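Asks: the following comprises the amino acid sequence and a computationally predicted model.
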Amino acid sequence: MNGKETVVAVDVGTTATKALVVRRDGRVLSRASVEYPLHTPEPGAAEQNPDELLEAIVHAVRRAVESAGASARDVAALSFSSAMHGLIAFDGDGRPLTPCITWADTRAAPYAAMLRDRPEGAALYTRTGTPIHPMSPLAKLMWLRDRRPDVVERASMFAGVKEYALFRLYGRWVVDHSLASATGLFELRRLDWDGTALRLSGVERARLPEPVPATAVLEGLDPEYARAMGLSPDVPAVVGASDGTLANLGVGAVRPGVVAVTIGTSGAVRGVAGEPVADPKGRLFCYALVPGMWVVGGPINNGGVALRWARDCLAFAATREAERDGVDPYERMTDVAAQAPPGAGGLLFLPFLTGERAPVWDADARGVLFGLDIRHGLPHVLRAVMEGVVFAVRSVAGALAELAGPPHEARATGGFARSPLWRQMLADALGVPVTLPDTVEGSAVGAAKLAFVALGLAASFDELDGWAQPVVRHEPDARIHRLYEQLTSVYLDVYHQLKGLFPALAPFRAADADAGNGAGGTTG
């Protein structure tokens, strides 16, 4: 190893925390992952235990450090990536008063709808770059204020899981500009909390973390946590940024015409602009990363979660067979899906199992199999599920192209990027080459790049360009691209025809939960 030119990058995701030990030349020496559940105790809820996530961070770091054969003196810094939009209330001692209310929680939907209808809603989006949606901490705070006023009154701090981890590890409440700009409470051009948003939320700035650059460095690692992670107490932390913005940095999608497409549990399409950009139609986000890099794009709610649903609810035989043969069930499922032709024989799937974010921002939307007939079998259904996620990505990419111009390359990252079939579908849907960098762990790699620049071990991100070398390239098939263009249009038409009917189903979901069929569950 090369002395202090090694960092540990920690990526706190929706279903797992990953830790990578990364060298200055970009080589990943080791990786570790710790999973945890997502709790769904009532309709619309999607929560996590903050202390389970903190424990996962500690264990993932220790395992990665041990696997790399690193000593405590080898690590130059920790650097953090985190999922966006989480909200936790804390008491005066920094103890959680609530679970982490994640991006997938939709209980604040009525408050987001009310805010969209208010005169200041559009102006607020333009200033903050965060679409008005129940995912945002702004809407969650409005919901908490009405539903849990006792918690809001007792709370001394409102923050997300990365901020909580940094407080426990380093004793400071800070939030980086990228995660702050995903709250709906933060003005992009001033890089400070927005007065109107604070008034609407009912939370004053003293109860929010101090905004700092993503490259800010914290000193003073708690000795107990240092021992638990196998690190020295003098290891600093680079505050880091959100997983979405860091994924672009990690895969090198930071130049005009190059977009990053991430599909993990959820998904996103993102490009980079030199200054804040607001979509006149309110379909896209704009988040800060570092000076001169503003990440513009849109998230989808349902990525790998749609295929997981298909695995658990439809593909019983294929899953059991894969487990018996020692094969990843998802690989077997994509093999089955490949037996169906592009377009799945006229079967469409709207993958809105947890509502949808960009470009429609509809928390009431739900999944639909459209066009099902007697000739369709499991291969058609599985292919339709995969194509439905790709059509969702295509609809976001179309909105981004209107704002920033069409892309000429898409770089794939996230769990879906391991599937050749899904990568080819994406190339065919977007009509541009899809490249796979030599790592699909874009967010963690982006956190490592951020650390090397913040520590002065690299002069600029350009110096680290060699890290993200494409190792696979998928060219679009012109015939299938035309087919997917037509089907994406039908896909969007089906959604718009059904949009007004989705809210009518909400009372039935609530009744099912009240009967004991939907409450108290978890997903892993």
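Replies: All right, it came through fine.
Asks: what segments of the stretch 151-300 of the chain are strands?
Replies: Along the stretch 151-300 of the chain, the segments classed as strands by DSSP state E, counting those that start in this stretch run 157-159, 174-176, 186-187, 192-193, 210-212, 217-218, 237-242, 258-263, 267-273, 285-290, 293-300.
Asks: deepest-packed of the ones you listed, please.
Replies: Mean neighbour counts were taken over those using mean count of other Cβ atoms under 10 Å, and the top value, a mean of 29, falls to strand 237-242. C-beta coordinates here come from the backbone N, C-alpha and C atoms, glycine included.
Asks: for residue 292, which non-adjacent residue is spatially closest?
Replies: Take residue 292 and drop its neighbours on the chain: the residue closest to it by Cβ to Cβ, 6 or more residues apart in numbering is residue 274, 5.7 Å away.
Asks: quick one: the one you found and residue 290 touch, right?
Replies: No - counting by Cβ atoms under 8 Å, residue 274 sits too far from residue 290 to count as a contact (11.6 Å).
Asks: hang on, the earlier thing: now the strands of the stretch 151-300 of the chain in CSV, with mean pLDDT?
Replies: Formatted as CSV, the strands of the stretch 151-300 of the chain follow (pLDDT from 0 to 100):
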stretch, mean pLDDT
strand 157-159, 98
strand 174-176, 98
strand 186-187, 98
strand 192-193, 98
strand 210-212, 98
strand 217-218, 98
strand 237-242, 98
strand 258-263, 92
strand 267-273, 94
strand 285-290, 95
strand 293-300, 95
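Asks: to residue 130, which of these lies closest?
Replies: For the strands of the stretch 151-300 of the chain, the distance to residue 130 is smallest for strand 285-290, at 6.0 Å, taking Cβ to Cβ.
Asks: who does the closest one pair up with?
Replies: Next to strand 285-290 in the sheet, as set by DSSP bridges, lie strand 293-300 (antiparallel).
Asks: next structured bit after the partner strand?
Replies: helix 304-313 (DSSP states H and E).
Asks: give the buried residues for that next one.
Replies: Buried residues in helix 304-313, counting neighbours by 16 or more other Cβ atoms under 10 Å, are found at 304, 305, 306, 307, 308, 309, 310, 311.
Asks: that one to strand 293-300, inter-axis angle?
Replies: 30 degrees (axes from the mean of the first three to the mean of the last three Cα atoms, to 10 degrees).
Asks: which residues are in contact with helix 304-313?
Replies: Contacts with helix 304-313, where a contact means Cβ atoms under 8 Å, 6 or more residues apart in numbering, come from 263-266, 319, 329-330, 333, 349, 351, 353-354, 367, 381-382, 385-386, 388-389, 414-416.
Asks: centroid residue for the chain?
Replies: Compute the mean C-alpha point of the chain, and by Cα atoms, centre = their mean the closest residue is residue 83, 5.2 Å away.
Asks: and that residue, how far from residue 429?
Replies: 25 Å (Cβ to Cβ, to the nearest Å).
Asks: what pLDDT is listed against the residue of the chain most remote from its centre?
Replies: Checked against the mean C-alpha position of the chain, the extreme residue using Cα atoms, centre = their mean is residue 374, at a distance of 37.1 Å. As predicted, residue 374 sits at a pLDDT of 97.
Asks: am I right that it is in a strand?
Replies: No - note on residue 374: no strand contains this position according to DSSP: H, G, I helix; E, B strand; the rest coil, which reports coil.
Asks: torsion angles phi and psi at it?
Replies: The main-chain torsion angles of residue 374 are listed as degrees, to the nearest 10 and equal phi -60, psi -20.
Asks: and it, how far from residue 347?
Replies: Distance check for residue 374 against residue 347: by Cβ to Cβ, it reads 12 Å.
Asks: do the same with residue 491
Replies: Look at residue 491 and residue 347: by Cβ to Cβ, they are 11 Å apart.
Asks: can you check residue 61 too?
Replies: Counting by Cβ to Cβ - residue 61 and residue 347 are separated by 45 Å.
Asks: so which of the two has more stuff around it?
Replies: More crowded of residue 61 and residue 347, by other Cβ atoms under 10 Å: residue 61, with 27 against 21.
Asks: what about the nearest residue to the more buried one once chain neighbours are set aside, distance to residue 325?
Replies: Spatially, and ignoring its direct neighbours in sequence, residue 61 is nearest to residue 229 (4.3 Å; Cβ to Cβ, 6+ apart). Taken as Cβ to Cβ, the spacing of residue 229 relative to residue 325 amounts to 37 Å.
Asks: more neighbours: which of these two?
Replies: In terms of neighbours (other Cβ under 10 Å), residue 229 is the more surrounded of residue 229 and residue 325; the figures are 28 against 8.
Asks: could you pull up the contacting residues of the more buried one?
Replies: The neighbours of residue 229, taking Cβ under 8 Å, 6+ apart as the test, are 58, 61, 62, 65.
Asks: of these, which is the most crowded?
Replies: Compared across those, residue 61 has the highest neighbour count, 27 neighbours, by other Cβ under 10 Å.
Asks: as PDB, could you dump the C-alpha coordinates of the strand or helix carrying that residue?
Replies: The secondary structure element spanning residue 61 is helix 50-68 (assigned by DSSP H and E). The C-alpha trace of helix 50-68 is given here as PDB (Å, rounded to 0.1, in the frame of the first residue of the first chain):
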ATOM      1  CA  PRO A  50     -31.000   5.500  12.400                       C
ATOM      2  CA  ASP A  51     -28.900   3.400  14.800                       C
ATOM      3  CA  GLU A  52     -29.100   0.300  12.500                       C
ATOM      4  CA  LEU A  53     -27.600   2.500   9.700                       C
ATOM      5  CA  LEU A  54     -24.900   3.900  12.000                       C
ATOM      6  CA  GLU A  55     -24.000   0.300  13.000                       C
ATOM      7  CA  ALA A  56     -23.900  -0.700   9.400                       C
ATOM      8  CA  ILE A  57     -21.400   2.100   8.600                       C
ATOM      9  CA  VAL A  58     -19.100   1.000  11.400                       C
ATOM     10  CA  HIS A  59     -19.200  -2.600  10.400                       C
ATOM     11  CA  ALA A  60     -18.800  -2.000   6.700                       C
ATOM     12  CA  VAL A  61     -15.700   0.200   7.300                       C
ATOM     13  CA  ARG A  62     -14.100  -2.300   9.600                       C
ATOM     14  CA  ARG A  63     -14.700  -5.200   7.200                       C
ATOM     15  CA  ALA A  64     -13.300  -3.200   4.200                       C
ATOM     16  CA  VAL A  65     -10.300  -2.100   6.200                       C
ATOM     17  CA  GLU A  66      -9.600  -5.600   7.400                       C
ATOM     18  CA  SER A  67     -10.100  -7.100   3.900                       C
ATOM     19  CA  ALA A  68      -7.600  -4.600   2.400                       C
END
